[in-house]
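# A structural model of the following input is requested.
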Amino acid sequence: MKPVGVRFWSRIALLFLVRSGRATAALSAMVVTAVAALIFLAALSVGVEDAMLRNTVGLFSGHIAGEGLSPSMQPRALMSAGVDVVMKRVFVSGALSHGARMQPLVLCGIDPQQEAAHTAFPQKITQGRYPRADRDEILISRETADALGVDLGKRLRFSSPNAEDDFEGSISGIYRTGVAALDQGLAFVPWDRLQAAQHSWTAAIFLRIGVPVGPVVRLYRERFNEDATFTSWETRMPDLRQLIDLEAISMAIVIVLVFGVVAIGIACSFVIFIIRNLREYGILKAMGVYPREIAGLIVAKVLLLNLIACTVGILMGVLTVFAVSQAGGIDISAFTSHNRYFTVSGVIVPRLTVFSLWLPPATALLFGLLAAAWPAILVVRKKPADVLRMI
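Residues are numbered from 1 along each chain as shown. As a prediction, the model looks like this:
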């Protein structure tokens, strides 16, 4: 008997699935549910990573820090593809005093309007507001206020080694972030109140969501060579990088485990179907159908079932992610009140990526192919005479 083409056996496999409608629907439901659930969970995992990154770098530091920038350089020189905003900051070391009390700290010159528009820092101001650009005002931390024994409206004096950077102004606001590096020894004033033209400055560079930080850092280093130093958040916060990597690895393990269980269920179910319909496979063998063609028929049935189920599962998963995103995400603030990676917001908004969209169905197809091996081997190894004697 001449071997028949793949298209013919694929059509026969589809007819087998249609004829066993209830069994096909039951098996498909397993795959559909698994694919849809894991697409949503993977998107939610990406949302957790986004939230941790947004809460950490979005509070103040930015995705990239540029240090040692020339006073003559303008922030717009650092704008490039994927960059959302570049903020200019000037840092001056000195001491802040009120009466007989003194507190050493670093005074940070900022553009208050830009900072309020593009960072989450305003949410951490517990009293008052940002200093205004046209006034001699200062924003200090609660720890600094307690150390100096002052409150809103009190006048403070800042003294630095360079007398030209001395500053005197009233307290416009008091903040508490829960991050030691920001709460201890840092205060803010409008940068034009310092002798900014004489100082090199630091850039806080914020990227758009989903833009990888590595290529942007390499671009800056190539463009500015040794004129400045550019450091990504991954270098400055290796613990956060490891947490995000661990999140991705854990999600991949969950996907493999889930589809491993689903594949075993599909393989067992197909073995039952084959035993139930063993007479048909015996007749095919008796007619001279090649063993590899029968094996191909079984593989085609499993793969067609998985393809159809994966398509439906992808659609359901995407719609679920879209619905939750449009609803504003999932608020887990009650469980993150003491977590420094959720200092600003505990809202998680699921986001689809190539990984979250295609890894679950791709894994389902791979395990579906493995699930087809056992029933295919079972049929191929049976001799036609043995099958016919069982009828």
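# how close does the residue nearest to residue 129 when sequence neighbours are not counted get to residue 80?
Distances taken as CB to CB, 6 or more residues apart in numbering place residue 173 nearest to residue 129, at 5.0 Å, with adjacent residues excluded. (Each C-beta comes from the backbone N, C-alpha and C, glycine too.) Using CB to CB, to the nearest Å, residue 173 is found at 33 Å from residue 80.
# and the residue nearest the centre of the chain, what helix or strand is that in?
By CA atoms, centre = their mean, the mean C-alpha position of the chain lies nearest to residue 46, the distance being 3.0 Å. Taking DSSP states H and E as the criterion, residue 46 maps to helix 21-56.
# next, the buried residues of that helix.
Within helix 21-56, the residues that count as buried by 16 or more other CB atoms under 10 Å are 23-24, 27-28, 30-56.
# roughly how far is it from the heart of the chain?
Put simply, helix 21-56 sits 15 Å off its chain's centre (CA atoms, centre = their mean, to the nearest Å).
# ok, stretch 119-136 next?
With CA atoms, centre = their mean as the basis, stretch 119-136 stands 29 Å off its chain's centre.
# model confidence over that stretch, on average?
In this model, stretch 119-136 has a mean pLDDT of 88.
# could you export it as PDB, CA atoms only?
Extracted in PDB, the C-alpha atoms of stretch 119-136 (Å, rounded to 0.1, in the frame of the first residue of the first chain):
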ATOM      1  CA  THR A 119       8.200  60.900  40.100                       C
ATOM      2  CA  ALA A 120       6.200  59.300  42.900                       C
ATOM      3  CA  PHE A 121       8.000  61.300  45.500                       C
ATOM      4  CA  PRO A 122       5.100  63.800  46.100                       C
ATOM      5  CA  GLN A 123       3.100  60.800  47.500                       C
ATOM      6  CA  LYS A 124       5.700  60.500  50.300                       C
ATOM      7  CA  ILE A 125       5.300  64.100  51.500                       C
ATOM      8  CA  THR A 126       3.400  63.700  54.800                       C
ATOM      9  CA  GLN A 127       3.200  67.400  55.600                       C
ATOM     10  CA  GLY A 128       3.300  70.500  53.400                       C
ATOM     11  CA  ARG A 129       4.400  70.400  49.700                       C
ATOM     12  CA  TYR A 130       7.400  70.700  47.400                       C
ATOM     13  CA  PRO A 131       9.500  73.900  47.600                       C
ATOM     14  CA  ARG A 132       8.600  76.400  44.900                       C
ATOM     15  CA  ALA A 133      11.100  77.500  42.400                       C
ATOM     16  CA  ASP A 134      10.600  81.200  43.100                       C
ATOM     17  CA  ARG A 135      11.000  81.000  46.900                       C
ATOM     18  CA  ASP A 136      13.700  80.100  49.400                       C
END
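# which positions in it come out as buried?
For stretch 119-136, by 16+ other CB under 10 Å, it's 119, 120, 121, 124, 125, 128, 130, 131, 133.
# equivalent analysis for stretch 168-177, please.
Buried residues in stretch 168-177, counted by 16+ other CB under 10 Å: 169, 171, 172, 173, 174, 175, 176, 177.
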